[in-house]
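> Next come a sequence and a model predicted from it.
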Amino acid sequence: MKISVVGTGYVGLVTGVCLSEIGHNVTCIDINEEKVTSLKKGKSPIYEPGLEELMVKNIEENRLEFTSDLVKGYSGAEVIYIAVGTPQMEDGSADLSYVESVAKDVATYIKNDSIIVIKSTVPVGTNERVLAIIQSLVKGKYKVNIVSNPEFLREGSAVKDTFHGDRIVIGYAEESAGRVLESINKPFGIPIFKTDIRSAEMIKYASNAFLATKISFINEIANICEKIDANIEDVSKGMGLDKRIGEHFLNAGIGYGGSCFPKDTKALVQIAGQNLYDFELLSSVIRVNSNQQYLLVEKLKQRLGNLSGKTIALWGLAFKPNTDDMREAPSIVISQRLVDEGANVIAYDPIAIGNAKKILNKEVAYAESFSDAIKGADALLILTEWNEVKTFNLEEINQLMKTPIIFDGRNCFDLKDAMKANIEYYSIGRPPVTHAE
Ligand SMILES: NC(=O)c1ccc[n+]([C@@H]2O[C@H](COP(=O)([O-])OP(=O)(O)OC[C@H]3O[C@@H](n4cnc5c(N)ncnc54)[C@H](O)[C@@H]3O)[C@@H](O)[C@H]2O)c1
Ligand SMILES: O=c1ccn([C@@H]2O[C@H](COP(=O)(O)OP(=O)(O)O[C@H]3O[C@H](CO)[C@@H](O)[C@H](O)[C@H]3O)[C@@H](O)[C@H]2O)c(=O)[nH]1
């Protein structure tokens, strides 16, 4: 099958590479020429484990190519995946200008009957609107069908998720188009769930909103645990053993970030509002998450008092481990608040540091390593649970810091180990460690 994928971001690039890996001929189109130049050389512009190797393999086997030439990119494609961004507008609703611009390009450049697949996360009704835009410009010259195929991959494990996801959702109006998508995806060997277009669009938002709700719920339980001297890790484990609840997404912390949950929850509240429905629960989930992001700084201030002139180290800046993505990372608001309080902030992240430098307050300084960041620090805030953080020797932390006080937003260490290492240790939803064993 000859497929074009429009947009080579986290979703488009992973989709293009993985579709080529299962045997399709894929052309990835992006208007960002710098990205395309890098991709043609076999260099991935994003950090995603396993992606670059797979990309190079499929370029060499002539199943995968990249272009910013729209004539070349669209011509001859039987199926065109749209995977461009749908960022958040000021009122929280999704900005569809990139998707609509692609719709116009599709109408301008296709040369045969085509199936358009929307992978981007789009509000209910968008697939129909995109089809209408294309049809109004193509004027019956070619038959165009549309299929909603929302994406569920997670950053940091995107390739693995594509090959081992829980389900592939295909929403269609025309049986024949649904069948083509089913056959394209069959080699992945993942259960396929077929439905109508609007339900498919809603499944994506509802899934992200539900996962975000789980996180805000467990974060509130953690906050209560701190007050009643219970341990959130055991509470989560004990809850998760109930199959109706499930063990996943019950890790308490400093709230969710990233390019999806924050924007998609707000977009769903907007979608509901536009249809005269007040999604109260989801609005609370968003509020709880925002408060949770400031929790560590509040605890830090309670412990150290005035932060002016204090050296505060940050470990991890990405919104989660194994990604270089800084979009909506809690580190953004946390570092800003620390700078506002007059602290000297020194940060380190093994992968996201380059992107962080572009967006964090210019007063944030950067270290060369995790050890380097904490040398002489008054306190350490852990914001991302990188594996190197979780396995860091606590005795070494004790020796390197001016005062060994840790505020851990990701519950990376065992309480007993912190006690043994004589570290003052405050985590989320667990009793504080304030004295040696
Ligand atoms: N990032 C994720 O983990 C994830 C997961 C599931 C779904 N999604 C959804 O997928 C969509 C894409 O997200 P992303 O994170 O991959 O975005 P991204 O910002 O990383 O990438 C978008 C790409 O589209 C390109 N582009 C924009 N307009 C174009 C045009 N007219 N023609 C060709 N290329 C164009 C941009 O240059 C950019 O490279 C969003 O709707 C997002 O909500 C994202
Ligand atoms: O128990 C948990 C699980 C996650 N998080 C946080 O939640 C955020 C999102 O994490 P995750 O879902 O692993 O990463 P994303 O790459 O943002 O993936 C989500 O968003 C994507 C974009 O829509 C979807 O495709 C995925 O299915 C969905 O998991 C991160 O800040 C995590 O730290 C927690 O705080 N506690």
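Cool, the structure landed. Numbering: from 1, shown residues only. Ligands and ions are numbered 1, 2, ... in the order given.
> From here on, just use CA atoms for contacts and neighbour counts.
Will do.
> What segments of this structure are strands?
2-6, 25-29, 64-67, 79-82, 114-118, 144-148, 168-172, 192-195, 311-315, 344-348, 365-366, 379-382, 405-408, 424-426 (DSSP state E).
> for ligand 1, what are the nearby residues on this protein?
Residues of the chain that fall close to ligand 1, judged by C-alpha under 6 Å from any ligand atom: 6-12, 29-32, 83-86, 98, 101-102, 120-121, 151-155, 259-260.
> Can you say which of the residues you listed are buried?
With neighbours counted by 16 or more other C-alpha atoms under 10 Å, the residues of the chain next to ligand 1 contain buried members at 6-12, 29-30, 83-86, 102, 120-121, 151-155, 259-260.
> And for residue 337, the neighbour number?
Applying other C-alpha atoms under 10 Å, we find 15 residues neighbouring residue 337.
> typo on my end, residue 116
Per other C-alpha under 10 Å, the neighbour tally for residue 116 reads 27.
> how near is it to residue 77?
Remark: distance between residue 116 and residue 77 (C-alpha to C-alpha, to the nearest Å) = 10 Å.
> Please apply the same query to residue 393.
Taken as C-alpha to C-alpha, the span from residue 393 to residue 77 is 54 Å.
> again, but for residue 125
In this view, residue 125 and residue 77 are 25 Å apart by C-alpha to C-alpha.
> Tell me which of those two has more neighbours.
Neighbour count, other C-alpha under 10 Å: between residue 125 and residue 77, residue 77 has more, with 24 against 13.
> Surely the more buried one and residue 6 touch.
No. Using C-alpha atoms under 8 Å, residue 77 is not in contact with residue 6; the gap is 11.4 Å.
> excluding its backbone neighbours, what's nearest the residue of the stretch 301-437 of the chain at minimum distance from ligand 1?
Nearest residue of the stretch 301-437 of the chain to ligand 1, counting by C-alpha to the nearest ligand atom: residue 325, 8.6 Å away. Distance criterion C-alpha to C-alpha, 6 or more residues apart in numbering; nearest residue to residue 325, sequence neighbours excluded, is residue 318 at 5.9 Å.
> mind listing what that neighbour touches?
Contact partners of residue 318, counting by C-alpha atoms under 8 Å, 6 or more residues apart in numbering, are 324-326, 329, 331, 349, 351-352, 356, 384.
> How about the residues of the stretch 151-300 of the chain by ligand 2?
With the criterion set to C-alpha under 6 Å from any ligand atom, the stretch 151-300 of the chain comes near ligand 2 through 151-155, 215, 249-253, 255-258, 260-261.
> now do 8 Å
Selection of the stretch 151-300 of the chain residues close to ligand 2 by C-alpha under 8 Å from any ligand atom yields 151-158, 204-205, 207-208, 211-212, 214-215, 248-261, 264.
> which other residues reach stretch 69-76?
Outside stretch 69-76, the residues within contact range by C-alpha under 8 Å, 6+ apart are 2, 4, 27-29, 67, 80, 105-106, 109-112.
> 7 Å instead?
Residues from elsewhere that reach stretch 69-76 (C-alpha atoms under 7 Å, 6 or more residues apart in numbering): 4, 27, 29, 67, 109-112.
> For that stretch, buried residues please.
Neighbour-count burial for stretch 69-76 flags 70, 73-74, 76 (criterion: 16+ other C-alpha under 10 Å).
> Now the most centrally placed residue in the chain, what are its backbone angles?
The chain has residue 258 as the residue nearest its centroid, 4.1 Å off, counting by C-alpha atoms, centre = their mean. Main-chain torsions, residue 258, degrees, to the nearest 10: phi 100, psi 180.
> Then residue 310?
phi -80, psi 150.
> thinking again about what came up before, ok, of the buried residues of stretch 69-76, which one's closest to residue 138?
residue 74 (14.1 Å; C-alpha to C-alpha).
> Okay, that closest one and ligand 2: tell me how far apart.
Distance, residue 74 to ligand 2, using C-alpha to the nearest ligand atom, to the nearest Å: 26 Å.
> again, but for residue 375
Counting by C-alpha to the nearest ligand atom, the gap from residue 375 to ligand 2 is 26 Å.
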